[in-house]
Each structure stands twice: as structure tokens, then as C-alpha cells.
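1. Next comes the sequence, and after it the predicted model I'd like to discuss.
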Amino acid sequence: MRNPTHVCRDCGATAPRWAGRCAGCGEWNTLEATTSAPRASSEATTWALADVDVSRLALRTTGVGELDRVLGGGLAPGSSTLLYGEPGVGKSTLALMVLLAHASRGSALLIAAEESLAQVARRARRLGDVPSGLEVAAVTDLAQAADLVVARRPEVVVVDSLSAMNDAQLGGASGSVSQLRHGAERLSQSARATQSSLVLVGHVTKDGDLAGPRALEHLVDTVIRIEGDRHGSLRILRAQKHRFGPTGEIGLLEMEGSGLRDLPELAITCAEATSGVVLGVTRDGTRSLVVEVQALVVAALSSPRRVAHQVSGQRLALLLAVLEARCGVSTAGCDVFAATAGGLPATDPGIDVALALAVASATQGFVVRRDVAALGEVGLAGELRVVEGLARRVREAARLGASTVIVPAGADLEGVDGVRVVRCATLAEAIGALTSRFAVGAVE
Ligand code: TYD
Ligand code: MG
């Protein structure tokens, strides 16, 4: 193909000439003009691989434990990382925390394209002491920003945000795909040249559309999404692309008055044992996370409703049917609400047993002890099935204080100790075990 002259605003596909419709995604009127500078050819050099200095690969810890975990240790020198999420989720806060932590031992630069210096300074003071090694420039011009990186050679540099940067020569509005791509390319080049670790802050559009990040994905080394409900405090970091480590890893943070705090494990909210509350263990990335599954079942005033929050609505419907048909637990004529406490999404089938038991507990009024966790998937015949990472889930439940775990009969839990294992073949059996032995007030 000839050099691309146009790029799709939605999917990032390139085209050799303007067209009404993008050949990549089929959307209309999304192609924008792009300019790609001709590459100057220069002589390449070779190195003896044995002589190549690997000290340049030493990762720079970010000072935020959960971010380091997602990055596999820290930011690589010369690398570029896209940090993106919805407005207000905490991107600027997290990026500033990384700079503040780094500035106390090295050089750090913030290119503030959205906020004034005074706004940045106020936020920084809210987060703690501001080391003198942290420099800031209020710049939106791309060339100026790239030159600053080259001139200051900071070890860590944050551009907040990439969407607000603009290259006047390129034309087009800030935030258009061609501006974003050009900006990411230019800034990454500067960071590579100076061995700076570059963090680009990006936005997702209001409908959660990933077009922007997808168009940038191949231009950066790492893509980290920060998600969370603005009205809740839990924030989840996910590595969606990572050239220097595993993807799919997640980090847990909590937004507080003085910034984001590491939350390596989830707090359990209900102090008292209550009906409708059962501990389960979900898996996300490579992590097992203990979650409190809650259900509420009340007589419906009009047509019965099923409301699932942070758990799968489809799994809830299936479990209600299994409870009715296989266990004699009927929720007909009732509103059923199900959720996880703390706002952690728990949509994997491994949470089925906890969810079904929470509904049974809410319907029948028995109260499950707080030190009992239930794990596994429920099949349509009412049987309990083994799920991926079961032994690891059990270990995590035990680590967080569970004394008893209810698991599918076929579970292979070799090497797991310190916890009483109750094997159940069916959901009906699990309900029987709970009510007769592990409900509050039951005599074992
Ligand atoms: P911000 O980092 O500005 O989000 P983004 O850059 O993704 O748009 O964070 C926005 C919210 O976080 C805002 O509602 C205020 C809140 N916040 C805290 O709760 N504690 C803090 O220490 C800071 C700095 C912000
Ligand atoms: Mg911001």
C-alpha cells in the first residue's frame, strides 16, 4: 500500500486516500487526514550481544505497590505506558503519585496539558510532601513537550493528558485519532532517546469506547486501564498490553482523601453474620480475590424483578432456576437483588455456589457463619463443578481467615491445609450442610 494519508477516527485503520467509509470498521465519515514524515535513512550499527549493557533494563518502582505488581516490578527505562480510563476515575491522581514517589529519589517531570500549575500544586500537596525534584510545565504544544523531555532528560515523565496535546503542523483537533497517534509516537521517541519512563494519560470517550486506546496500542509498550465506579472508592488497574511482563494482571486501589492507597486484598464489609451473605472467591488475572456475595429476597409488589450488581445477571437467573427446580428453594413472586460488597466485579462461574447459597440464605432466613466460604460452579442438574484455580482460591480464603470451605466433591486440593474442606456433590447438599452444620446457631 502507498503511504497512508488518512486514518480512521474510530478504529485507527489507515487508508491511502480519503473515502466516505472506513474499510476497517465500516463506519461512515470517520477518515481524517494524517501526515507521516518521510523517514531519513541512516546507517545501522551492530553490537556483540554479549557486550550489550543490561543495566538499562532495571525497572523503576513507581511507589504504588499495586501498580508495580501490574507492571511486573515497575516502569522500564525508555518505555511508554498508556494509562487510560473514564473521567474522574483517578488517572491524574495516580500519575502524580508516581511522580511524587520518584522525585524523592530521582528526576521527574509533569507535562500538564489540562490543569493549571496552581491546580496541579494543590493536588500534589493533598497527596503529601512535594519533593523539589518534581518539575512541572503547563504545555499543550506537542513539539514543546517533546523538546522538554529531551532537554530535561527526566527519569520519569507524565503527559496529562495525551488527548490535550496538539501539533499545530498536523492540523485537526486535539484528541483526534491522528493527533493522538502522532503525539504518542513523537513522545515515545523522545522517551526512548533519553531513556525516560513515559506515562501518557488517555481518556475513554463517554460510551466507554476503546477506539482511542486501541488506535494507540501498538505505539506504546504498555497499556493500563484504570476502572472503577466514580461513586465508590475501589479502583482496579489492568494491564491490557505489556511488552515487559504478563498481561491480565490486576491491581486493587482505594481512592481516599489523600490519594490512592494499595488494597492488596478486599475488605469484608459486614462485621456481623447476616442472612443472605456468603463469602466466595473470584479469580481475576492471576489473582484470587475473596468477595462477600450478598442477596436480598423480598415479596414483589408488582412483577418480580431480578437485579444483579457486579455479578452476572445471566448466572443469577440460571441459579434461581436451579434453586427452584433442584433444591426446592423458590423465589417465585419475589424481587431478588444480588451484589458483591465493595464493588468488585465477580462474574466468573466460580462464584456460583456462593451466590446460590446467598440467595438460599436470604430466602430461607438461615445465617451462614462468617468463617465459611463457598466455591465452585453450579450446573443445570444442580451439581457442583470444579473451576479453574480452585486450590489457589481455597488457599486465599484460608489466608483471609476462612476456617471452612465448601467445594465441589471432585475438587483436587492436594497441598492445601489449615482449612476444613467440606465436599458437596450438589447444591442441595451444600444447602443441607450449611443449615445443619455451618449456620449461626447450628450445633456441629
Ligand atoms: P482525578 O485523578 O482528577 O481523575 P482523572 O484524572 O481520571 O479525571 O481524580 C478525580 C477524583 O478523585 C475527584 O473526584 C476527586 C477525587 N480525589 C480523591 O478522592 N482524593 C484525592 O486525593 C484526589 C487527588 C482526588
Ligand atoms: Mg485528569
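-> Looks like it came in fine. Ligands and ions are numbered 1, 2, ... in the order given.

2. What parts of the stretch 51-200 of the chain come near ligand 1?
-> Contact residues (C-beta under 6 Å from any ligand atom) of the stretch 51-200 of the chain with ligand 1: 85, 87-93, 123, 126-127. Where C-beta positions appear, they are placed from N, C-alpha and C, glycine not excepted.

3. With pLDDT and neighbour count added, can I get these in a markdown table?
-> Below are these laid out as a markdown table (pLDDT from 0 to 100; neighbours: other C-beta atoms under 10 Å):
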| residue | pLDDT | neighbour count |
| --- | --- | --- |
| 85 | 92 | 24 |
| 87 | 90 | 10 |
| 88 | 91 | 12 |
| 89 | 93 | 21 |
| 90 | 95 | 22 |
| 91 | 96 | 24 |
| 92 | 97 | 21 |
| 93 | 97 | 20 |
| 123 | 95 | 14 |
| 126 | 94 | 12 |
| 127 | 95 | 16 |
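
4. Which of those residues fall in strands?
-> residue 85 (DSSP state E).

5. Residue 192: which of the residues of the stretch 51-200 of the chain next to ligand 1 is nearest?
-> Distance to residue 192, by C-beta to C-beta, is smallest for residue 91 among these, at 22.8 Å.

6. Thought residue 81 was touching that closest one, still the case?
-> No: using C-beta atoms under 8 Å, residue 91 is not in contact with residue 81, being 11.7 Å away.

7. Can you give the strand pairings for the strand ranked longest in the chain, parallel or anti for each?
-> The longest strand of the chain (DSSP E) is strand 287-299. Strand 287-299 has the following sheet partners, assigned by DSSP bridges: strand 277-284 (antiparallel), strand 334-340 (antiparallel).

8. how close does the residue nearest to residue 141 when sequence neighbours are not counted sit to ligand 1?
-> Nearest non-adjacent residue to residue 141, counting by C-beta to C-beta, 6 or more residues apart in numbering: residue 166, 6.6 Å away. Using C-beta to the nearest ligand atom, to the nearest Å, one obtains 19 Å as the distance from residue 166 to ligand 1.

9. what's the neighbour count on residue 166?
-> When neighbours are defined as other C-beta atoms under 10 Å, residue 166 has 22 of them.

10. one step back: possible to save the strands paired with strand 287-299 as CSV with mean neighbour count and mean pLDDT?
-> What follows is the strands paired with strand 287-299, written out as CSV (neighbours: other C-beta atoms under 10 Å; pLDDT from 0 to 100):
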stretch, mean neighbour count, mean pLDDT
strand 277-284, 25, 93
strand 334-340, 21, 96
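
11. Kindly reformat the ones you listed as JSON lines containing distance to ligand 1.
-> Below are those laid out as JSON lines (distance: least, C-beta to the nearest ligand atom, whole Å):
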{"stretch": "strand 277-284", "distance to ligand 1": "21"}
{"stretch": "strand 334-340", "distance to ligand 1": "22"}
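
12. okay, these in TSV with distance to residue 244 next?
-> Below are the strands paired with strand 287-299 laid out as TSV (distance: least, C-beta to C-beta, whole Å):
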stretch	distance to residue 244
strand 277-284	21
strand 334-340	32
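
13. any idea of the pLDDT on the residue of the stretch 301-444 of the chain found nearest ligand 1?
-> Closest to ligand 1 within the stretch 301-444 of the chain is residue 343: 14.9 Å, counting by C-beta to the nearest ligand atom. At residue 343, the model reports a pLDDT of 77.

14. pretty sure it is touching residue 235, no?
-> No: in this structure residue 343 lies outside contact range of residue 235 using C-beta under 8 Å: 9.6 Å.

15. which non-adjacent residue is nearest residue 300?
-> residue 335 (4.7 Å).

16. for residue 384, same thing?
-> Closest to residue 384 by C-beta to C-beta, 6+ apart is residue 408, at 3.7 Å.

17. number of nearby residues for that neighbour?
-> Residue 408 has 22 nearby residues by other C-beta under 10 Å.

18. send the alpha carbons of the strand or helix carrying residue 359 over as PDB?
-> For residue 359, the host element (DSSP states H and E) is helix 352-364. Extracted C-alpha coordinates of helix 352-364, given in PDB (Å, rounded to 0.1, in the frame of the first residue of the first chain):
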ATOM      1  CA  ASP A 352     -21.900 -19.600  41.600                       C
ATOM      2  CA  VAL A 353     -22.000 -21.600  44.700                       C
ATOM      3  CA  ALA A 354     -21.600 -18.600  47.000                       C
ATOM      4  CA  LEU A 355     -24.200 -16.700  45.000                       C
ATOM      5  CA  ALA A 356     -26.700 -19.500  45.100                       C
ATOM      6  CA  LEU A 357     -26.200 -20.100  48.800                       C
ATOM      7  CA  ALA A 358     -26.600 -16.400  49.500                       C
ATOM      8  CA  VAL A 359     -30.000 -16.500  47.700                       C
ATOM      9  CA  ALA A 360     -31.000 -19.600  49.600                       C
ATOM     10  CA  SER A 361     -29.900 -18.000  52.900                       C
ATOM     11  CA  ALA A 362     -31.900 -14.800  52.100                       C
ATOM     12  CA  THR A 363     -34.900 -16.800  51.100                       C
ATOM     13  CA  GLN A 364     -35.000 -19.200  54.000                       C
END
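
19. list the helices and strands that helix packs on?
-> Where contact means 3 or more C-beta pairs under 8 Å, 6 or more residues apart in numbering; DSSP states H and E, helix 352-364 is packed against strand 277-284, strand 287-299, helix 313-327, strand 334-340, strand 372-374, strand 377-378, strand 404-408, helix 427-433.

20. ok now do the residue nearest to residue 135 when sequence neighbours are not counted, which residues does it touch?
-> Once flanking residues are discounted, residue 135 sits nearest to residue 109: 5.0 Å by C-beta to C-beta, 6+ apart. The contact partners of residue 109, taken as C-beta atoms under 8 Å, 6 or more residues apart in numbering, are 99, 134-137, 148-149, 152, 154, 156-158, 196.

21. any idea how far the residue nearest to residue 257 when sequence neighbours are not counted is from residue 203?
-> Closest residue in space to residue 257, ignoring its immediate chain neighbours: residue 126 at 7.7 Å, by C-beta to C-beta, 6+ apart. Here residue 126 is placed at a distance of 22 Å from residue 203 (C-beta to C-beta, to the nearest Å).

22. Check the contact between the residue nearest to residue 141 and residue 179; I expect there is one.
-> Yes: with contact defined as C-beta under 8 Å, residue 166 reaches residue 179; the gap is 6.2 Å.

23. what does the stretch 251-400 of the chain have sitting close to ligand 1?
-> 255, 257-259.

24. Drop anything exposed from those residues.
-> 255, 259 (16 or more other C-beta atoms under 10 Å).

25. Show only the entries of the residues of the stretch 251-400 of the chain next to ligand 1 found in strands.
-> 255, 259.

26. all strands in the stretch 51-200 of the chain, in order from the N-terminus.
-> Taking DSSP state E, counting those that start in this stretch to define them, one finds strands in the stretch 51-200 of the chain at 80-85, 108-112, 134-138, 156-160, 197-203.
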